[in-house]
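Participant: Fold the following and give me the result.
(one chain, ligands or ions: 2)
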Amino acid sequence: MRSFIVGLDPGEVARLARLSAAIGFPVGVLPGLDALRLELARPGVGRALVLLPDLGLTRDAVRLAAEHGDTAFIVVVADTIPPDDYKALVRTGAGEWIQWGSCEVELADLVKRFAAPAHAGNGARIVTFAPSKGGVGNTSLVAEMGVLLSGPKAAGGRSGSRVAVLDLNFQGGTLADTLAVEPRFDLAEVAGRPERLDEQLAEVFLSCYADRLDVFAPPPRLVMLDDITPNLVFTFIDTISPRYDLVLVDLPSVALGWTETLIEGSDAVVVTGIATVPGLRRLCDRLSRIDDLSTPARRLAVVNQADTDMMGRFVRRAEVDRLLAGRDNLLVRRDCAGMETAANSGQPLVEIAPDGRLGRDIRRIAKWIEAVAARPAESARGSAA
Ligand SMILES: Nc1ncnc2c1ncn2[C@@H]1O[C@H](COP(=O)(O)OP(=O)(O)O)[C@@H](O)[C@H]1O
Ligand SMILES: [Mg+2]
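Facilitator: Numbering: from 1, shown residues only. Ligands and ions are numbered 1, 2, ... in the order given. Below you'll find the model as predicted:
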């Protein structure tokens, strides 16, 4: 995604250019609306953010938003705007007005709305796995889900969804190790140049695990987290989304500039934690922070590494039920030997021991995801036709 600025005052234009660059948009300053129309009509420009710091252009802003609303979002930056123009602009669904005094904050908010991956359309469903702390098994569960949801379905032998698993732990991600693939997702390579992201580059970034399962996992090199801007992350997800039915995201446990927006734009969120007392507390904290976001995403709390008694029953089930009352929740047992064997073989547990108790616990998460978010391959193809 890029941004274009059309304005007369060099100071204002420079201020907006700095602002756009700071939120990760490559900036083009254009001399007038004709040049802008040419840019917007050029094939391959992708979605664009248009900033118009010129009150004389509000009428044109409405027209632009109406004409180019599918690929552009038009923002008038001015201290005042005629009420009728404002109404007409907002009614297009592709335009807004922001004021100079608060333009930093307002622009950042707008970009969240504009740049967050689209829910519907022909894109993939996005299921984000959000760990409540490090080491809870978030990455392991993402890998297990990728294999389960892309694999052949038992019922009727229908083939699974086209799935991408996406490791967004740009420092120290472990998804590639978990699935024993070569990590190729070097997003920092295009830092500051999100316009370079296209299908071809996405192809270079992916590692294939199986016929219907692609892995995007960052290589172990030092990445400046500031280089990974919200725009870069969302442009990338937008780019790959049409190729899949389902994108499973492995989020880091630390909050970054784009993590909340990504959760807000997801179709479902799986919040992972562990069954110790402090672990459950962290899980509840994480869930209530997600409740504070404005998101229609369905939520599932997963309590992993839960102890079981000799009969295989969860020993803390009652406490978990009490703490997570009213929420969708699932427990997954601790099985260190099983997980270790899986880790050493570079295959998920559901492949090496599908019928064990841990495998069954894990499959319940896949069932939940299928019920709330997955779109079977057949219907995805049908809607594309
Ligand atoms: N249910 C489980 N039982 C036993 N060990 C587990 C279980 N789930 C995950 N682990 C182990 O916990 C460790 C951390 O898992 P990982 O998926 O890397 O966590 P995170 O991504 O949350 O940091 C790994 O060694 C993994 O094999
Ligand atoms: Mg991890």
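
Participant: hey, let's count contacts and neighbours off CA atoms from now on
Facilitator: Fine.

Participant: and the gap between D85 and ligand 1?
Facilitator: The spacing between D85 and ligand 1, counted by CA to the nearest ligand atom, to the nearest Å, is 49 Å.

Participant: near ligand 1, which residues of the stretch 101-250 of the chain show up?
Facilitator: For the stretch 101-250 of the chain, the contact set with ligand 1 under CA under 6 Å from any ligand atom comprises 131, 134-140.

Participant: so how many other residues sit close to T295?
Facilitator: Using other CA atoms under 10 Å, the number of residues around T295 comes to 18.

Participant: can you offset everything so residue one is 44?
Facilitator: Noted, 44 is the first residue going forward, which turns the last one into T338.

Participant: That one reaches T304, doesn't it?
Facilitator: No - taking contact to mean CA atoms under 8 Å, the distance of 9.2 Å between T338 and T304 leaves them out of contact.

Participant: C379: what's it in contact with?
Facilitator: C379 makes no contacts at all, as judged by CA atoms under 8 Å, 6 or more residues apart in numbering.

Participant: Assign F157 to helix, strand or coil.
Facilitator: Three-state assignment for F157 (DSSP: H, G, I helix; E, B strand; the rest coil): helix.

Participant: the longest strand in this protein is where?
Facilitator: Among all segments of the chain classified by DSSP state E, the strand with the greatest residue count is strand 341-349.

Participant: What are the contacting residues of that strand?
Facilitator: When contacts are taken as CA under 8 Å, 6+ apart, the neighbours of strand 341-349 outside the stretch itself are 179-180, 310-318, 323, 326, 330, 357-359, 367, 370-378, 415.

Participant: Same check on stretch 235-243?
Facilitator: By CA under 8 Å, 6+ apart, stretch 235-243 touches 44-45, 64, 67-69, 88-89, 233, 270, 274-275, 278-279, 282-283.

Participant: how about the helices in the stretch 244-393 of the chain?
Facilitator: Per DSSP state H, counting those that start in this stretch, the stretch 244-393 of the chain carries helices over the ranges 273-283, 302-307, 320-334, 360-366, 379-388, 392-395.

Participant: how near is the spatially most central residue of the chain to ligand 1?
Facilitator: When the chain is reduced to its mean C-alpha position, the closest residue under CA atoms, centre = their mean turns out to be L305, at 4.3 Å. Here the criterion is CA to the nearest ligand atom. By it, L305 lies 18 Å from ligand 1.

Participant: Next: F279.
Facilitator: Using CA to the nearest ligand atom, we find F279 at a distance of 22 Å from ligand 1.

Participant: which residue sits closest to that residue, ignoring its sequence neighbours?
Facilitator: L240 (6.6 Å; CA to CA, 6 or more residues apart in numbering).

Participant: Now the two most distant members of the contacts of stretch 235-243.
Facilitator: Maximum pairwise distance among the contacts of stretch 235-243 (CA to CA): 23.4 Å, between A64 and I283.

Participant: So between these two, which is more surrounded?
Facilitator: Set side by side, A64 and I283 show unequal neighbour counts under other CA under 10 Å, the larger going to I283 at 19 against 15.
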